[in-house]
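Asker: Whatever this is, show me its structure:
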Amino acid sequence: MDAISLIVRSIFVDNMIFAYFLGMCSFLAVSRNVKTALGLGIAVTFVLVITVPVNFLLENYVLKAGALSWLGEEYAEVDLSVFSLLIFIAIIASIVQLVEMIIERFSPSLYASLGIFLPLIAVNCSILGGSLFMQQRQFANIGMATAYGFGSGIGWLLAIVGLAAIREKLEYSHVPKPLKGLGITFIVTALMAIGFMSFSGINI
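Answerer: A predicted model of the protein is given here:
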């Protein structure tokens, strides 16, 4: 039940886009149509589901103070936490490279439509943010870390697909000329964020 609550909270209350504004670059750039947005959202979710638990294991069994005590008493005082950010980024870059090769192999059209934003998942703030929030919140086990990564990814996917659907409809709407393009997109994003704020009152 705790894992389910964490997933729901990660999707609606602590949404990476609407609560922390992480990953806004690709969120705004790849939300012109639903198909492309869905592909990127699934890729981001996959990367979060893999990297957050992997970084959880590294944090708890290698990096933080005393994490290497399983090697022997002489390692109990070792603290490698200074390398956390570097290791987290390396893990994320490796997983993103794997995702890029898989998409290029099985869906060339999606690979072409995502363009430069697919490899840029490696520097997507929401991906690194998931691992840093995991480190900050000190989850009890890898299951909770995985649940958090999954919920955060689904929340990001929901946000970008929702915006893409709205932007597709806006193509046929009478938007004032000064607001066309990013102008109306910023307004819609702000309204969606206000809508998601209503979930913060839920007692999960």
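Asker: counting contacts, what elements does the lowest-mean-pLDDT helix or strand in the chain pack onto?
Answerer: Ranking every helix and strand in the chain by mean pLDDT, DSSP states H and E puts helix 108-114 at the bottom, with a mean of 81. Judged by 3 or more CB pairs under 8 Å, 6 or more residues apart in numbering; DSSP states H and E, the packing partners of helix 108-114 are helix 34-58, helix 84-106. For glycine as for every other residue, the C-beta is placed from the backbone atoms N, C-alpha and C.
Asker: what angle sits between the following helix or strand past it and helix 84-106?
Answerer: Going down the chain from helix 108-114, the next helix or strand is helix 125-137, by DSSP states H and E. Between helix 125-137 and helix 84-106, the angle comes out at 140 degrees (axes from the mean of the first three to the mean of the last three CA atoms, to 10 degrees).
Asker: Pull out the buried positions in helix 125-137.
Answerer: Neighbour counts using 16 or more other CB atoms under 10 Å place 125-135 of helix 125-137 among the buried residues.
Asker: just curious, which of those residues is nearest to P53?
Answerer: Nearest to P53 among the buried residues of helix 125-137, counting by CB to CB, is M134 at 8.5 Å.
Asker: Verify the stated contact: the closest one with V54.
Answerer: No - if you go by CB atoms under 8 Å, M134 and V54 don't touch, sitting 10.4 Å apart.
Asker: Give the residues shared as contacts by those two.
Answerer: Residues touching both M134 and V54 by CB atoms under 8 Å, 6 or more residues apart in numbering: none at all.
Asker: Quick check: the gap between E73 and L38.
Answerer: For E73, the distance to L38 equals 51 Å [CB to CB, to the nearest Å].
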